[in-house]
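Chemist: The following comprises the amino acid sequence and a computationally predicted model.
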Amino acid sequence: MPSTTLSAVPTERSLEWVQRLIGIDTTSAVSNRPLIDLIAAELRRHGVEPVLVPDDEGTKLNLLATFTPPDGSTAGGVMFSGHTDVVPVDDQDWSTDPFTPDVRDGSLYGRGTCDMKSFIGIVVAAIPDIVARPLAKPIHFAFSYDEEVGCIGATGLVEEVVARNLRPDVCIVGEPSEMRVIRAHKSMNVIRVDLQGVSAHSSLTPRGVNAIEYGAELIRFVRSVADELRASGPYDDAFDVGWTTCSVNLVSGGIAVNTVPEDCSITFEFRSISTAGAADLLERFAAEANRIETLMREENPSASVTMHVSASVPPLETDANASAAALVERWGGRPSDEKVAYATEAGMFASIGVPTVVCGPGSITQAHAPDEYVTLDQLAQCEQFVRNVIAHARA
């Protein structure tokens, strides 16, 4: 069994790598290439050539890398997975520059400290240890772009894992869990509905079709579904929010107070506790969009309603008795029966048959917040955890 002796602080090498990554602005609106290039250079310096998977424009990159045993085998082993992008800092009240890491009072402050550059930094810092002695099982890195805007990059990354037939024995997604082993999370589904009405002067309302008013019907419907699910379930009390939730979060439309609006765009999300529940809800929302379109076209045949699924992340549903969870607990992950409402890329890896859990440093309550931080003690725990995984890969 690997050593579990913990220091209260991470090593200088790990802390330095975490700080280097935090210092690179990888807000989802900009390219993550500078960060990926930095990690790729470190891999190449140690004799590992990464696979870079670009987006359609070539401005963002996923990174996939495999450290192989002497026989060159790539299938099986352990995968470390994380996203490289962070959420914006606009209109947040920070005490220090979000992209200048600051160590104080036993914590590291900066955008991405817990979500989730600390995990990636500690894993990258371990590269010299990984290559120091031969492995018995492969170790994989899988780092994505644009997780924060709907797990967009992970689609291509997961496809690459399948194409290369890597089949990891366990995938560890290092989202902030305070090093607890999280086996289940909800799905996350983002839907945009565009309503196209007919513009008219507001004194001549019968000549127009008011897209905002019909949009309001859709908003009321989404809220009614949310109320129904809260009141009637289904429930799973292991989740921190034990039922499927829905909420309308973005609305735009109209050009002037004296003009019947011809356009209205509504974006809402729902987070389902099961795969089946997500499919059923999509059908209900599509049926309501069709009903509203029929009403609009009764006023004017040119009116239309278009529904687009902007993001769909499957739930994570790893069984409590799965060997993956037991392994991660042996390596130092804290046992937990908790299920979480937030979604991660873990569900996407699980959907291709890879046993997957979430386990990483920091608290989700700090993610996306101003003065985001992670305690040095959490970094030290994660560092020891990674050492234990490497020791397992040599056994």
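Modeler: Looks like it arrived, so ask away. The structure presented is a predicted model; accordingly, all values stated were derived computationally and were not measured. Residues are numbered from 1 along each chain as shown.

Chemist: Please point out which parts of the helix or strand V374 falls within sit buried.
Modeler: Taking DSSP states H and E as the definition, V374 sits inside strand 373-375. Buried residues in strand 373-375, counted by 16 or more other CB atoms under 10 Å: 373-375. All C-beta spots, glycine's among them, are computed from the backbone N, C-alpha and C.

Chemist: what does the least confident helix or strand in the chain by mean pLDDT contact?
Modeler: Using mean pLDDT, DSSP states H and E, the weakest-scoring helix or strand in the chain turns out to be strand 339-340, at a mean of 88. The contact list for strand 339-340 (CB atoms under 8 Å, 6 or more residues apart in numbering) reads 177, 182-186, 236, 238-240, 358, 364.

Chemist: which residues of the stretch 51-200 of the chain fall in strands?
Modeler: For the stretch 51-200 of the chain, the strands defined by DSSP state E, counting those that start in this stretch cover 51-54, 61-67, 78-83, 102-104, 107-109, 139-144, 170-173, 184-185, 188-196, 200-201.

Chemist: Dump those strands to CSV, plus mean pLDDT, mean neighbour count and distance to G332.
Modeler: What follows is these, written out as CSV (pLDDT from 0 to 100; neighbours: other CB atoms under 10 Å; distance: least, CB to CB, whole Å):
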stretch, mean pLDDT, mean neighbour count, distance to G332
strand 51-54, 96, 17, 29
strand 61-67, 98, 23, 20
strand 78-83, 98, 27, 13
strand 102-104, 96, 14, 23
strand 107-109, 97, 23, 20
strand 139-144, 98, 25, 16
strand 170-173, 97, 27, 11
strand 184-185, 92, 26, 20
strand 188-196, 96, 21, 28
strand 200-201, 96, 15, 66
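
Chemist: out of those strands, which comes closest to A289?
Modeler: strand 188-196 (5.7 Å; CB to CB).

Chemist: In the stretch 251-395 of the chain, what residue spans correspond to helices?
Modeler: 275-299, 323-330, 346-350, 376-394 (DSSP state H, counting those that start in this stretch).

Chemist: export those helices to a markdown table and tack on distance to A136?
Modeler: A markdown table is the format used below for these (distance: least, CB to CB, whole Å):
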| stretch | distance to A136 |
| --- | --- |
| helix 275-299 | 35 |
| helix 323-330 | 15 |
| helix 346-350 | 22 |
| helix 376-394 | 6 |
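
Chemist: Can you say which of the ones you listed is nearest to G72?
Modeler: Here helix 376-394 is closest among the helices of the stretch 251-395 of the chain (CB to CB), at 14.9 Å.

Chemist: Enumerate every residue touching F221.
Modeler: Contacts of F221 (CB under 8 Å, 6+ apart): 285, 288.

Chemist: Same check on E262?
Modeler: 196-199, 208-209, 211.
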